[in-house]
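[1] What follows is a predicted structure for the sequence shown.
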Amino acid sequence: MGTVASWNEIATLASAVVPIVGISLVSLYLCYKSGTLHPLRNRLTRLFVSREDIEPGPIRNSLSDRSAVVSFAMIYGIHLDTAPEVEAFIVKAQSRNIPLHLIGIAGSAFDRSEFSVRPDRSPRRWGDGVVGFGLLVSYMATACFLAGTLADDILIRIRATNTVLWVEAKEGEGTARGILRDRNMAFSQAECETLPAAGTIGPFIGDEHRYNLSVLCAIWTSPSERKELIDALPQQRIAFSAVGLLCLTILVGFLQALIRRNAIRKLERRVLANSSPVPEIPRPRRSRRFVLRIGKSVYLSYGSIDADGRNRAKH
């Protein structure tokens, strides 16, 4: 009954804490996207002062304009200060057929004054490979650590042989299996009967499999060691969860980088399609002529012939 009561208390506490934490995280995210605390201040103000309490006039219009500007920044990621600036920016973007969400995703890579992508911020081809490789590695790391969080086995390393094993932490028949370079290794508690002195760790003299089995049998046959192994499971889950969350954050960062690079390339194509080609001014064709003359005097004559056929020579 004590265990059931404790789990009920945990469930009740979680049902109260999770909504509070969730609402707080969402509020922080909205403030981060809008670049201001206005959404939070506005919600808190509405708890005490309703919109109908403010009489129509400049104050009410000013509050509406500020909320509109913040909402624009929150949705598109484009931070401006006043409503006229937002309206002028929208008109300019529509006249050039450039989507607003692409400008927000591109961020500082888009020059708002010139309405074009900055030349030094154009994505390079080699960067796509770096982002793709980072995306793959962070995805695999996130999946592995989150899977380790849900596992019921303990990850240990036997230092003498540098062997990494998953050891079952439950009561009953003990089993262990290797990972990475030791993935072909497998042990069970039934093999402890083959050892001359199960429960004692002999010296490592070259037989890696036998030494690993002696270490595992010493853990399985000792109640204190097995209890310590079971008690270490929550700590392992916390560690795996923390590292998995970090890898997930890195994964989201690489994903945002990939989306940003694609948005910049779309903007470059749209800007190039909307820009009018500059006509080239034809240049007159000029050819050079060299003359070597041998006579009473020897000299070299060279010059250029213009498009109209005139010769400008130098002696």
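    In hand now; what should we look at?
[2] Which parts of the stretch 1-150 of the chain are strands?
    110-111, 116-117 (DSSP state E, counting those that start in this stretch).
[3] Could you export those strands as TSV, including distance to Arg226 and mean pLDDT?
    C-beta coordinates here come from the backbone N, C-alpha and C atoms, glycine included. Conversion of the strands of the stretch 1-150 of the chain to TSV gives the following (distance: least, C-beta to C-beta, whole Å; pLDDT from 0 to 100):
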stretch	distance to Arg226	mean pLDDT
strand 110-111	61	84
strand 116-117	62	84
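[4] Dump the ones you listed into a markdown table; add mean neighbour count as well.
    Output for the strands of the stretch 1-150 of the chain, formatted as a markdown table (neighbours: other C-beta atoms under 10 Å):
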| stretch | mean neighbour count |
| --- | --- |
| strand 110-111 | 18 |
| strand 116-117 | 21 |
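[5] With distance to Thr161 as added columns, please give these in a markdown table.
    Supplementary listing: the strands of the stretch 1-150 of the chain in a markdown table, determined by distance: least, C-beta to C-beta, whole Å:
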| stretch | distance to Thr161 |
| --- | --- |
| strand 110-111 | 57 |
| strand 116-117 | 56 |
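[6] Nearest to Gly253, out of these?
    Comparing those against Gly253 with C-beta to C-beta, the closest turns out to be strand 110-111 (20.0 Å).
[7] Just checking: what are the partner strands of that closest one?
    For strand 110-111, the paired strands and their directions (DSSP bridges) read strand 116-117 (antiparallel).
[8] shaky segments in the protein?
    1-16, 169-172, 193-206, 276-315 (pLDDT under 70).
[9] To Arg60, which of the strands of the stretch 1-150 of the chain lies closest?
    Proximity of the strands of the stretch 1-150 of the chain to Arg60 was assessed by C-beta to C-beta; the nearest stretch is strand 110-111, lying at 34.0 Å.
[10] Pull the residues that contact the closest one.
    Judged by C-beta atoms under 8 Å, 6 or more residues apart in numbering, the contacts made with strand 110-111 from elsewhere in the structure are 103, 116-118, 264, 267.
[11] could I get those residues as CSV with distance to Glu52?
    What follows is the contacts of strand 110-111, written out as CSV (distance: C-beta to C-beta, whole Å):
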residue, distance to Glu52
Ile103, 36
Ser116, 46
Val117, 46
Arg118, 47
Ile264, 45
Leu267, 43
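[12] Tell me the one among these nearest to Ser275.
    Comparing every one of those with Ser275 (C-beta to C-beta), the shortest separation belongs to Ser116, at 8.2 Å.
[13] Could you point out the longest helix of this protein?
    helix 223-274 (DSSP state H).
[14] Distance from the chain centre to it, please.
    In terms of C-alpha atoms, centre = their mean, to the nearest Å, the gap separating the centre of helix 223-274 from the centre of its chain is 7 Å.
[15] swap in stretch 221-241?
    Relative to its chain's centre, stretch 221-241 lies at 33 Å (C-alpha atoms, centre = their mean).
[16] and if you look at stretch 211-220?
    Using C-alpha atoms, centre = their mean, the mean C-alpha position of stretch 211-220 is found 42 Å from that of the whole chain.
[17] And stretch 177-184, by the same measure?
    On C-alpha atoms, centre = their mean, the centre of stretch 177-184 falls 31 Å from the chain's centre.
[18] Buried residues, that stretch. List them.
    Residues of stretch 177-184 classed as buried: 177-178, 182 (neighbour count, 16 or more other C-beta atoms under 10 Å).
[19] what do you get for stretch 70-88?
    Under 16+ other C-beta under 10 Å, the buried positions of stretch 70-88 are 70, 72-74, 76-78, 80, 83, 86.
[20] can you tell me which two in those residues are farthest apart?
    Gly77 and Ala83 (17.6 Å).
[21] Can you tell me how far Leu154 is from Ala176?
    No, residue 154 isn't Leu; it's Ile. 9 Å (C-beta to C-beta, to the nearest Å).
[22] more neighbours, these two?
    Here Ile154 and Ala176 are set side by side on neighbour count (other C-beta atoms under 10 Å), and the busier one is Ala176, at 23 against 20.
[23] residues contacting the residue nearest the centre of the chain?
    Compute the mean C-alpha point of the chain, and by C-alpha atoms, centre = their mean the closest residue is Gly253, 1.3 Å away. When contacts are counted by C-beta under 8 Å, 6+ apart, Gly253 is found next to no other residue.
[24] Need the overlap of contacts for Ile154 and Ala176.
    Joint contacts of Ile154 and Ala176 (C-beta under 8 Å, 6+ apart) are 166-168.
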